[in-house]
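S.K.: here's a sequence, model it:
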Amino acid sequence: MITTPGTRSDTTRFAEQWPKRRQNERSRVHSRHRLTTGLESLVLTVSEDNRKYTDMIHETWCKAVVDG
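M.R.: Numbers count the residues shown, from 1 in each chain. Presented below is the predicted three-dimensional model:
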């Protein structure tokens, strides 16, 4: 590959940018992991609240049926 003095080849430029690309990729993966973990905990919280609410409705309904 022939390059003019004072310019870098594409290969050199790619090699210089590689650590930054790897860092960006790690950062993206980490962000995605945090987002996934956050969503999972949100879903669990909603599920728990939903179950409590459903249990409360069931208890109320049972009392209404028994009390008639």
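S.K.: element containing residue 26, please.
M.R.: Element membership of residue 26, judged by DSSP states H and E, is helix 10-67.
S.K.: so how far is that helix off the chain centroid?
M.R.: 6 Å (Cα atoms, centre = their mean, to the nearest Å).
S.K.: what's the average pLDDT for that helix?
M.R.: For helix 10-67, mean pLDDT is 77.
S.K.: what is that helix packed up against?
M.R.: Judged by 3 or more Cβ pairs under 8 Å, 6 or more residues apart in numbering; DSSP states H and E, helix 10-67 is in contact with no other helix or strand. Every C-beta, even on glycine, is put in place using the N, C-alpha and C of the backbone.
S.K.: against residue 20, how distant is residue 14?
M.R.: 11 Å (Cβ to Cβ, to the nearest Å).
S.K.: repeat that for residue 27.
M.R.: Residue 27 is 10 Å from residue 20, by Cβ to Cβ.
S.K.: need the contact list for residue 49.
M.R.: Neighbour list for residue 49: empty [criterion: Cβ atoms under 8 Å, 6 or more residues apart in numbering].
S.K.: ok, it to residue 38 distance?
M.R.: Taking Cβ to Cβ, one finds residue 49 at 17 Å from residue 38.
S.K.: and what of residue 51?
M.R.: 20 Å.
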